[in-house]
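Engineer: Show me the folded form of this:
(chains A and B)
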Amino acid sequence: MNCKSARDLFSSRLDGRLSFAEERRLDDHLDRCSRCSAELAKVERNLQWVRDLPEVPPTEGFLEDVLLSVRRYQAEGIRPPEPSWIERFRSLLPTGWIATPRLAGAALVLGLAIGVGGAMLALRTPDPVPVAERTPAPETARPEAARGEATLAATDEAPAAGQFEDLVDEMLQRLESEEPVDGEPSPTEDLDWGSAYSQDALGRQVGTADQNRRPRDPNSRVTIVF
Amino acid sequence: MVGRDDRSSARDYASLSDEELMEEIVRGAEEAFSALVSRYQGRVINVVSRLISDRDRAQEIAQETFLRVFIHRERYRPSGKFSTWLYTIAMNLAKNEIRRRVRARGMVSLDKLLEATGDSGGFIADAKPGPERLYRRRDVEEKVTKAIDQLPPKFREVIVLRDIQQLSYEEIGDVLKIPGGTVRSRINRARLALKEILDPAIEGTADEL
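Structural biologist: Numbers count the residues shown, from 1 in each chain, chains lettered A, B, ... in the order given. Okay, the predicted model is just below:
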């Protein structure tokens, strides 16, 4: 047994948790190594000091204070706040981690981004046809694209892995080349997908993308926000 | 919830086990809660005090711990030891307090918590020895307390649970939710770390104690 192995057994020795064989091997080492022997003696001394630390007594009236808080809880429903989402997240971290809200938020966003990206990759089926060889669907068959309502999921061919950027570029180019119908704003305007349509209390669709669009800006581009 | 004769009633419950008391509390025996608080108040306050180095705040956190025990009394499962459940609640609240303080002071390391709390402990018991010996004992107690405060939190936890509260390895594993092998190695590393901190501070100071 070397010194490191011996040191690993110090606490188990002091707590009486060594097997007979381990005990013998440790004793053999301690008989030969005065350094380890002295170190074990210091650890044992410190342990005794820690055990001898006086207890911190409860303040006078502690029990009454606890009972009072219980009464208040019962009477008024006053209770300690439940842990926030960030505290719940921290509880998943290994002991000793100090996660600031910013750090925890960044980690969550990173985790979500990886998760969403992975899910998108997993859901896409491989496309054996290269992008350059694909025949665009007739515009008449894609009215939603002309109206700026295109979504990635609505394309005829699912993008192959690694072709996501190509598909987005292709879609943008197609939108750029389309002439707006009289009175309609350009489909290349910023699309606020969250507010383009809204529902009333009965779930009916109210308003249209057209109604929510801002004045035409030829320099604006489609913004996709995840 | 609790009648006026809490203390006299609590005496009737003193002979019950923790788990039996919890059953009584769930059934609505309000005095059983008083008995349970009386039984554990010292231990909970002690654990929290050693973890956060702030006696006043420790009293508040201990109070909150017992309130949570009452609020969540029906969640407790008698298949597990009550003390383990109680210590888990107390440890979590204490850790939240440590995090809050670290954030409030913009620190990145708990090693400086001692400076932040400004309460280095020195929980001194009444002692009968002579003035010189009393002085040395207090000196050692203060240094040991400071050394514990300087430990990384995961080491401090096991020192408090094992060496101050004298929980078994298995109970510590349950409270901290770590496997037995980790408990064993962490306790050993914590004690060696404590020795490294304490040795230079204590050398030649208190061999006579």
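Engineer: any idea which element the residue most central in space within chain B lies in?
Structural biologist: When Cα atoms, centre = their mean is applied to chain B, the residue found nearest the centroid is B:V47 (0.7 Å). Assigned by DSSP states H and E, B:V47 falls within helix B:30-52.
Engineer: tell me the angle of the one helix or strand A:L67 maps to relative to helix B:30-52?
Structural biologist: Here A:L67, judged by DSSP H and E, is contained in helix A:62-76. Interaxial angle, helix A:62-76 versus helix B:30-52 (axes from the mean of the first three to the mean of the last three Cα atoms, to 10 degrees): 110 degrees.
Engineer: How many neighbouring residues does A:T59 have?
Structural biologist: Using other Cβ atoms under 10 Å in any protein chain shown, A:T59 is surrounded by 16 other residues. Placement of C-beta: from N, CA and C, glycine included.
Engineer: Which pLDDT value goes with it?
Structural biologist: Here the pLDDT value assigned to A:T59 is 89.
Engineer: If you drop the residues flanking it in sequence, what lies closest to it?
Structural biologist: What sits nearest to A:T59 in space, not counting adjacent residues and going by Cβ to Cβ, 6 or more residues apart in numbering or on different chains, is B:Q59, at 5.2 Å.
Engineer: show me the contacts for that neighbour.
Structural biologist: Each residue near B:Q59 by Cβ atoms under 8 Å, 6 or more residues apart in numbering or on different chains is listed here: A:P58, A:T59, A:F62, B:I45.
Engineer: thought the residue nearest to the centre of chain B was touching B:T88?
Structural biologist: No: judged on Cβ atoms under 8 Å, B:V47 makes no contact with B:T88 at a distance of 11.0 Å.
Engineer: so what's in contact with those two at the same time?
Structural biologist: When contacts are counted by Cβ under 8 Å, 6+ apart, B:V47 and B:T88 have no shared neighbour.
Engineer: Tell me the secondary structure at the residue of chain A found nearest chain B.
Structural biologist: Using Cβ to the nearest Cβ, the closest approach of chain A to chain B is made by A:P54 at 3.1 Å. Secondary structure assignment for A:P54 (DSSP: H, G, I helix; E, B strand; the rest coil): coil.
Engineer: Would you point out the most distant pair within the contacts of B:Q59?
Structural biologist: A:T59 and B:I45 (8.4 Å; Cβ to Cβ).
Engineer: which ones are touching the residue lying closest to B:A29 once chain neighbours are set aside?
Structural biologist: Excluding the flanking residues, the one nearest B:A29 by Cβ to Cβ, 6+ apart is B:Y13, at 7.7 Å. Shown in contact with B:Y13 (Cβ under 8 Å, 6+ apart): B:L21, B:E24, B:A29, B:E31, B:A32, B:S34, B:A35, B:L36.
Engineer: follow-up on the earlier one: helices or strands next to the helix holding A:L67 in the packing?
Structural biologist: Contact here means 3 or more Cβ pairs under 8 Å, 6 or more residues apart in numbering or on different chains; DSSP states H and E; on that basis helix A:62-76 packs against helix B:30-52, helix B:55-71.
Engineer: Out of the contacts of B:Q59, which is nearest to B:T145?
Structural biologist: The nearest one, if we look at these relative to B:T145 and count by Cβ to Cβ, is B:I45, at 15.2 Å.
Engineer: Model confidence for the closest one, exactly?
Structural biologist: pLDDT, B:I45: 94.
Engineer: show me what contacts it?
Structural biologist: A:V56, A:P57, A:P58, A:F62, B:A58, B:Q59, B:A62.
Engineer: repeat that for 7 Å
Structural biologist: By Cβ atoms under 7 Å, 6 or more residues apart in numbering or on different chains, the contact list for B:I45 reads A:V56, A:P58, B:A58, B:Q59, B:A62.
Engineer: got JSON lines for those residues, with distance to B:R103 too?
Structural biologist: As requested, the contacts of B:I45 are exported to JSON lines (distance: Cβ to Cβ, whole Å):
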{"residue": "A:V56", "distance to B:R103": "25"}
{"residue": "A:P58", "distance to B:R103": "28"}
{"residue": "B:A58", "distance to B:R103": "19"}
{"residue": "B:Q59", "distance to B:R103": "22"}
{"residue": "B:A62", "distance to B:R103": "22"}
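Engineer: domain parsing for chain A?
Structural biologist: As assigned by automatic domain parsing, chain A contains the domains A:3-52, A:127-212.
Engineer: Pick out the shakiest of those, pLDDT-wise.
Structural biologist: In terms of average pLDDT, domain A:127-212 trails the rest of the domains of chain A, at a mean of 44.
Engineer: Tell me where chain B has helices.
Structural biologist: Along chain B, counting by DSSP state H, helices occupy B:6-12, B:18-27, B:30-52, B:55-71, B:82-104, B:113-117, B:131-150, B:153-158, B:169-176, B:180-202.
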